[in-house]
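Engineer: After the sequence you'll find the predicted model.
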Amino acid sequence: MLKRTLCLAVFAISTLALAQTSDIVFERNVAMKTRDGVTLHADIYRPQGDGKYPVLLQRTPYDKNNVSDFAHRAAAHGFMVVVQDVRGRYTSEGEWYPFKHETEDGYDTIEWAAALPNSNGRVGMFGGSYVGATQMLAAIGHPPHLAGICPVVTASNYHENWTYQGGAFEQWFNESWTSGLAQDTFNRTVRQNTNALVGSTVLPLTQYPVFNLTAVPAGADLTRTFAPYFIDWAKHTEYDSYWKQWAIDENYANIQVPALTIAAWYDIFQGGSLRNFVGLKEHAGNEAARAGQHLLVTIGGHAGGGRTIGTVDFGPAAEEYDENAITLAWYEYLFLGKQNQFAGKPVRIFVMGENKWRDEDSWPLERARATRFELHSSANANSTTGNGKLFDHPTIWADRPDTFTYDPANPVPTVGGPLCCDGAHLAPGPRDQKDVESRKDVLVYSTDPLKQDLEVTGPVTLDLFASSSEVDTDFTAKLVDLWPNGYAQNLTEGILRARYRESTAKANPIDPDKIYEFKIDLWSTSNVFLKGHRIRLEVSSSNFPRFDRNLNSGKSAATDSMFVKATNTVYHDAAHPSALILPVVPR
């Protein structure tokens, strides 16, 4: 009886059409063939009846079962929802290799979904992170029935703001994400090699093999077997043809649909998300697409959601962000003609410090003024015990340079920030930087306490004049809001590998002890530094393990492990006016 009950249960679950509620029809594991014959599987949710509905499509490597709540909600609002496991993931066949098949598979899936019974032929895509990548890569193939996208916290270039930043390897993200994704690849291998008959003749019984794997690789061989793309990412340190084959920012003109881009201040892909909005606004393939770009910037992204992110309470307004509700509202506006918030201004941002939402006409804000905050000290900006200063007005230069030793064996540790994807072992978001700032290999420059509120909203840059005793090194920068109680809240950060100061496409070593100008991109923020707070800048040469350690030898950590210490010097005098450049918004 028990066996019969279990069989009936399995049959019921696998039945294609299931009425999950009285109003929604659910179809599980619907098969689709790609142009090269690989079978992909999707779940389909739609309203009951014979109507025609716009399609909301998600193509995911993270298991299509995780989208059920949104799918039911959207189906109840008059949409057909299709959620597909991408090639090589969970129920879909084929080889999993990030980015490689998403343009062609995305095109094929969109056109297939548009032709489904009950589809009205209009397809929109939704979702974040790699699911945002599946949207962008499909959109550059401009499938005829794609009518909108909603990429959430995703990149614009899979070299510069996915795998690398400023020439440095995004080590924590690349390793933690790869380890998480490789679990399904490993599980698939186990499932494909599990057959009790194979070991049924083995004696003694204690030698029975539970899996039919001839040999399980160990150590780095595990990576080569289950995540060969990680090896490729680490070896392709420069922006070469490997990366250009799926670059989004070189293909904005091929994207011909409106997009709601969702970014987040503490998100690991913040820089790429904002570049996508600006790039599509200026270069999308037709006027309707260019005019149809919308941007929403929330707080946490991959760093978390809700009211408290990291160790900062952003107030009740932060709880208003609901990605599912926003996605649904976007497509009700775009496909159903509903006049909601998207009928107004195209940009909405969360302004930290004041902790309020604000609508804007554009991004970056036209009224923001690039303001130089000069770095000053008397050769003693090392740590918070030093005398590093920031001035937003011209000052008599009577400075001596600041020097510190960068030792790859003792790098500056990552504390919070835009991290993914293992918060249990390395917590993301805003966190007190006091321990980082206590180190002598971190230069600290601060303003006096502000006499009135000061808003910084937009791109942040450090114009740094510096030298190194070695042929290569890194320079890192971090913008911090120092509260009156001493809490040092990290806002945004950046890094630049010296040999890639001119281009990430070709290394160009520096001459030891020669002074160079380094333009370090700290991405963007929106923060009101409240009265009594201080604006602070940290400068160093490592942020580990978020970024890989520069060996200071000119060689890549992908293939080499020998390193040397570097003596690095930051200059701030009349001939070398190092400055933090902030977009100050008049108030």
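Structural biologist: Received it, and whenever you're ready, just let me know what you need.

Engineer: Need the three-state assignment for I231.
Structural biologist: Three-state call for I231 (DSSP: H, G, I helix; E, B strand; the rest coil): helix.

Engineer: And it, what's its pLDDT?
Structural biologist: Listed pLDDT for I231 reads 97.

Engineer: Return the residues in contact with it.
Structural biologist: By Cβ atoms under 8 Å, 6 or more residues apart in numbering, the residues touching I231 are 223-224. Glycine gets a C-beta too; all of them are placed from N, C-alpha and C.

Engineer: Roughly how far does it sit from A498?
Structural biologist: To A498, I231 is 25 Å away according to Cβ to Cβ, to the nearest Å.

Engineer: Please apply the same query to D313.
Structural biologist: In this view, D313 and A498 are 39 Å apart by Cβ to Cβ.

Engineer: Between these two, which has more neighbouring residues?
Structural biologist: Of the pair D313 and A498, A498 is the one with more neighbours under other Cβ atoms under 10 Å, namely 28 against 12.

Engineer: Tell me the spacing between the more buried one and N276.
Structural biologist: Separation of A498 from N276 (Cβ to Cβ) stands at 28 Å.

Engineer: For the longest helix along the chain, give the mean pLDDT please.
Structural biologist: Looking across the chain with DSSP state H, the single longest helix is helix 171-192. The average pLDDT for helix 171-192 rounds to 94.

Engineer: Could you pull out the buried residues of that helix?
Structural biologist: Across helix 171-192, burial judged by 16 or more other Cβ atoms under 10 Å covers 171-179, 181-182, 184-185, 188.

Engineer: next helix or strand past it?
Structural biologist: Scanning forward in sequence from helix 171-192 by DSSP states H and E, the next helix or strand is helix 220-226.

Engineer: so where do the helices sit in the protein?
Structural biologist: 2-14, 68-76, 102-114, 130-139, 171-192, 220-226, 228-235, 241-244, 270-283, 287-291, 323-336, 434-437.

Engineer: Out of these, flag the one nearest D36.
Structural biologist: helix 102-114 (7.9 Å; Cβ to Cβ).

Engineer: what residue is smack in the middle of this structure?
Structural biologist: With distances taken as Cα atoms, centre = their mean, F269 lies nearest the centre of the chain, 2.6 Å away.

Engineer: Please identify the nearest residue in space to that residue, excluding sequence neighbours.
Structural biologist: Nearest residue to F269 in three dimensions, chain neighbours excluded: A155, at 4.8 Å (Cβ to Cβ, 6 or more residues apart in numbering).

Engineer: can you check V67 too?
Structural biologist: Closest residue to V67 apart from its sequence neighbours, by Cβ to Cβ, 6+ apart: V83 at 4.5 Å.

Engineer: wait, the one you found sits on P61?
Structural biologist: No. Using Cβ atoms under 8 Å, V83 is not in contact with P61, being 12.0 Å away.

Engineer: the more surrounded of those two?
Structural biologist: Applying other Cβ under 10 Å to V83 and P61 shows that V83 carries more neighbours, namely 25 against 22.

Engineer: Please name the residues that touch that one.
Structural biologist: 42-45, 57-58, 60, 64, 67, 71.

Engineer: From these, pick the one nearest A288.
Structural biologist: Nearest to A288 among the contacts of V83, with distances taken as Cβ to Cβ, is L57, at 20.3 Å.

Engineer: coming back round to it: among the buried residues of helix 171-192, find me the one that's closest to P413.
Structural biologist: So of these, ranked by how close each gets to P413 (Cβ to Cβ), first place is W172, at 11.2 Å.

Engineer: Tell me how far the closest residue to A488 other than its chain neighbours lies from G219.
Structural biologist: Sequence neighbours aside, Q433 is the residue nearest to A488 in space, at 4.0 Å (criterion: Cβ to Cβ, 6+ apart). Counting by Cβ to Cβ, the gap from Q433 to G219 is 35 Å.

Engineer: Comparing those two, which shows the higher neighbour count?
Structural biologist: Q433 (23 against 7).

Engineer: hang on, the more buried one packs against V480?
Structural biologist: Yes. Q433 lies in contact with V480 (Cβ under 8 Å); the separation is 5.8 Å.

Engineer: any shared contact partners between the two?
Structural biologist: 488-490, 538.

Engineer: pLDDT weak spots in the stretch 1-150 of the chain?
Structural biologist: Scanning the stretch 1-150 of the chain with the threshold set as pLDDT under 70 gives 1-22.

Engineer: which stretches of the stretch 451-587 of the chain form strands?
Structural biologist: Remark: strands assigned in the stretch 451-587 of the chain by DSSP state E, counting those that start in this stretch are 454-468, 474-482, 488-497, 516-529, 534-540, 566-571, 579-585.

Engineer: can you tell which of those strands is closest to F373?
Structural biologist: Distance to F373, taken as Cβ to Cβ, is lowest for strand 579-585 among the strands of the stretch 451-587 of the chain, at 4.4 Å.

Engineer: for stretch 553-565, how far is the first residue from the last?
Structural biologist: One end of stretch 553-565 to the other measures 9 Å (Cα to Cα, to the nearest Å).

Engineer: And stretch 510-524, by the same measure?
Structural biologist: This stretch, stretch 510-524, spans 28 Å end to end (Cα to Cα).

Engineer: Stretch 296-304 now?
Structural biologist: Taking Cα to Cα, stretch 296-304 runs 16 Å from one end to the other.
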